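Enquirer: What follows is a protein structure lacking sequence information:
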């Protein structure tokens, strides 16, 4: 019996020598795409980066022994606590004052005197730059 194929023939010649990433396209239902996009957004990745990570990690997941839910529960709980602690730290450092100062000075050179009394300028491109200016403006000696 003849096999019926649709679509284009795979062009795999030379792929083993590719040094850059290549495109892999596939069709899925809309719900799957939405779910993957939401998961990617939660961890700050693009959909493409996230799907690449999921697909690339499939071998390491296959080689792991299956674990019971009761065995994983303490690890999940510990990781959730770590996430909460990290979110609290981010909330502390990225507070309303820093966000407001960042929005006010974004893209500008901000002059300040460092702890040694030297005049310094720093261009504000990230919220961390505001934190750097404030931290280095204080002389705690």
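Expert: Arrived safely. Nothing here was measured: the structure is a model prediction, and the numbers come from that model. Numbers count the residues shown, from 1 in each chain.

Enquirer: hey, let's count contacts and neighbours off CA atoms from now on
Expert: OK.

Enquirer: after the worst-scoring helix or strand of the chain on mean pLDDT comes which helix or strand?
Expert: When the helices and strands of the chain are scored by mean pLDDT, DSSP states H and E, helix 58-63 comes last with a mean of 66. Sequence order places helix 69-93 as the next helix or strand after helix 58-63, per DSSP states H and E.

Enquirer: quick one: that following helix to chain centroid distance?
Expert: 17 Å (C-alpha atoms, centre = their mean, to the nearest Å).

Enquirer: do stretch 114-124 as well
Expert: Counting by C-alpha atoms, centre = their mean, stretch 114-124 comes out at 31 Å from the chain centroid.

Enquirer: Residues contacting it, please?
Expert: Stretch 114-124 has contacts (C-alpha atoms under 8 Å, 6 or more residues apart in numbering) with 102, 105-113, 129-130, 133, 136-140.

Enquirer: Just the buried subset of the residues you listed, written out for ChimeraX, thanks.
Expert: In ChimeraX syntax, the buried subset of the contacts of stretch 114-124 is picked out as below (16 or more other C-alpha atoms under 10 Å):
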select :102,105,106,112,113,129,130,133,136,137
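
Enquirer: Please identify the helix or strand for the one residue sitting closest to the centre of the chain.
Expert: Nearest to the geometric centre of the chain sits residue 44, at 3.8 Å (C-alpha atoms, centre = their mean). Using DSSP H and E, no element contains residue 44; it sits outside every helix and strand.

Enquirer: quick one, phi/psi of it?
Expert: Dihedral pair for residue 44: phi 80, psi 30, per degrees, to the nearest 10.

Enquirer: quick one: it and residue 129, what's the gap?
Expert: Taking C-alpha to C-alpha, to the nearest Å as the measure, residue 44 falls 21 Å from residue 129.

Enquirer: Noted, bye for now.
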